[in-house]
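Asks: sequence first, predicted model second:
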Amino acid sequence: MPSPRTVAPESTAVRVALWRAIHLQVDEPPHVIEDEVGLELVGPGKNWRRRPDMGKNGTSGFRAGVVARARYVEDLVTERIADGVAQYVILGAGLDTFAQRRPELAAKTRVFEIDQYGPQEWKRRRLHEVGYGVPDWLRLVPVDFEADEDWWERLVEAGFDPDRPAVLASTGVSMYLTEDAVADTLAKAAKTAPGSTLAMTFLLPPETVAAGGDEPRHPIRFR
């Protein structure tokens, strides 16, 4: 396993975290999700809302998709924990903040965040710096996908029980992966125990998008 090296998260992960935060500041209530933890972790400075990718109107559609998919997955996880599922795996976790915002719920399960070594080490350090820490029920699982590391193997090594059902979520990730990588993700997810659930977002091929409009990411859910 490579030595941890702090690398700032991808610009896309930062943008998503800031969109979730700005949702509370520019969109009318009731709000779909309340999440300013990502903003706290990023610490973008006082002028962050002046960024060109933070415009209220120009980014409204993208922002709506981000908060909607976050709420969809969070409701799903809440439902499955109530059903007794005690494992939650976040593939390509980035700046996901479920564990920090919903500790009373997350502590009833074991949360596994899978991400690249550098950005995950950055997040680990920021969690300690801002006072959240990393509780025992939160497992940060570093995986070097470019080195063809097996995320399933790393997941099991981190304490995941393949014989017990789980919720797996992959949002805003598949569009950055190759077709082979997506197929591999689905194949590994299919190895989970009966009663497991997978939620994944995806983009439709460009030729299927209606002229004059952007097709939103669609959540898919398998059990």
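Replies: That came through, no problem.
Asks: only C-alpha atoms for contact and neighbour calcs from this point on.
Replies: Fine.
Asks: in the protein, which spans are helices?
Replies: 11-26, 37-42, 60-82, 98-101, 103-106, 117-129, 151-157, 179-189 (DSSP state H).
Asks: need those in TSV (columns: mean neighbour count).
Replies: Listed next are the helices of the chain as TSV, based on neighbours: other C-alpha atoms under 10 Å:
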stretch	mean neighbour count
helix 11-26	19
helix 37-42	20
helix 60-82	17
helix 98-101	18
helix 103-106	15
helix 117-129	18
helix 151-157	16
helix 179-189	14
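Asks: and P165, which of the ones you listed is closest to it?
Replies: Closest to P165 of these is helix 60-82 (C-alpha to C-alpha; 9.7 Å).
Asks: may I ask you to confirm that V143 is in contact with P119?
Replies: No - taking C-alpha atoms under 8 Å as the definition, V143 is not a contact partner of P119, at 10.7 Å.
Asks: find the residue at the geometric middle of this protein.
Replies: Closest residue to the average C-alpha location of the chain: A93 at 3.8 Å, with C-alpha atoms, centre = their mean.
Asks: that one: what's it in contact with?
Replies: Contacts for A93 (C-alpha atoms under 8 Å, 6 or more residues apart in numbering) come out as E113, I114, D115, S170.
Asks: same thing but at 7 Å, please
Replies: Counting by C-alpha atoms under 7 Å, 6 or more residues apart in numbering, A93 touches E113, I114, D115.
Asks: looking at those residues, which is nearest P9?
Replies: For these, the closest approach to P9 (C-alpha to C-alpha) belongs to D115, at 10.1 Å.
Asks: please report how far the nearest residue to E36 once chain neighbours are set aside lies from V130.
Replies: Nearest non-adjacent residue to E36, counting by C-alpha to C-alpha, 6 or more residues apart in numbering: A21, 4.7 Å away. According to C-alpha to C-alpha, to the nearest Å, A21 and V130 sit 17 Å apart.
Asks: kindly report the same for W151.
Replies: 28 Å.
Asks: just N47 next, same as before
Replies: Relative to V130, and taking C-alpha to C-alpha, N47 is found at 20 Å.
Asks: so between the two, which is more surrounded?
Replies: V130 (11 against 7; other C-alpha atoms under 10 Å).
Asks: skipping adjacent residues, who's closest to that one in space?
Replies: Using C-alpha to C-alpha, 6+ apart, the closest residue to V130 is L41 (7.3 Å).
Asks: wait, that neighbour sits on R126?
Replies: Yes - with contact defined as C-alpha atoms under 7 Å, L41 counts as touching R126 (6.0 Å).
Asks: the closest residue to Q120 other than its chain neighbours pairs with what?
Replies: Residue nearest to Q120 in three dimensions, not counting chain neighbours: P142, with 6.7 Å by C-alpha to C-alpha, 6+ apart. Assessed by DSSP bridges, P142 has beta-bridge partners D115.
Asks: what is the burial count for P142?
Replies: 24.
Asks: E113 now?
Replies: 23.
Asks: kindly report the same for T197.
Replies: 22.
Asks: against H31, how distant is it?
Replies: 26 Å.
Asks: hmm, which helix or strand of the chain has the shakiest average pLDDT?
Replies: strand 218-222 (a mean of 50; mean pLDDT, DSSP states H and E).
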